[in-house]
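can't give you the sequence, but here's the structure:
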């Protein structure tokens with residue numbers, strides 16, 4: 001029982017589930033929205049760590065309703081604002097006017113150095129959808 005208790009002590013509350021008196025570790029997803037592994041080209045606008053404004057053409061490696069993982073050549077400060085704009089082709093007229101969301105804003109949550117580029121996790125200012 002001692003070993004099992006030690007194992008439980010190392011499990012974080014978000015990874016554990018109570019079953020009567022005992023707890024077992026399960027694999028829970030912490031994200032609020034499901035990620036889609038879509039590579040989407042986009043324009044990235046913001047201010048880098050040196051305080052210089054920039055506009056880059058880059059790619060989002062995955063995206064969800066709440067944020068995106070963006071590859072960039074710039075080192076970006078945590079909590080800095082970014083603006084992401086997806087280039088689109090002309091859309092033919094429909095019977096109902098469709099207003100696609102092309103420009104998104106968000107804050108940098110995390111930046112990871114990958115040697116020749118950085119992976120930047122961005123949380124959108126407003127989620128694209130509202131969960132019920």
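On my side now, so go ahead. For clarity, every value in this text was computed on a predicted model and none was experimentally measured. Numbers count the residues shown, from 1 in each chain.

residue ranges with poor pLDDT in the chain?
1-31, 94-101, 131-132 (pLDDT under 70).

how about the strands in it?
Under the criterion DSSP state E, the chain contains strands at 16-19, 22-25, 40-47, 53-63, 67-72, 81-85, 103-113, 118-124.

Pick the most deeply packed of these.
strand 67-72 (a mean of 22; mean count of other C-beta atoms under 10 Å). The C-beta positions use only the backbone N, C-alpha and C, and glycine is treated the same way.

could you check the angle strand 81-85 makes with that strand?
90 degrees (axes from the mean of the first three to the mean of the last three C-alpha atoms, to 10 degrees).

who's in contact with strand 67-72?
Residues outside strand 67-72 that contact it (C-beta atoms under 8 Å, 6 or more residues apart in numbering): 33, 35, 40, 42, 44, 56, 58-63, 82, 84, 104, 106, 109, 117-124.

Show me this protein divided up by domain.
What the record gives for the chain is the domain set 1-30, 40-89+98-124, from automatic domain parsing.

Output the strands of the chain in a markdown table; the columns should cover distance to residue 91.
Putting the strands of the chain into a markdown table (distance: least, C-beta to C-beta, whole Å) gives the following:
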| stretch | distance to residue 91 |
| --- | --- |
| strand 16-19 | 47 |
| strand 22-25 | 48 |
| strand 40-47 | 17 |
| strand 53-63 | 20 |
| strand 67-72 | 22 |
| strand 81-85 | 16 |
| strand 103-113 | 16 |
| strand 118-124 | 23 |
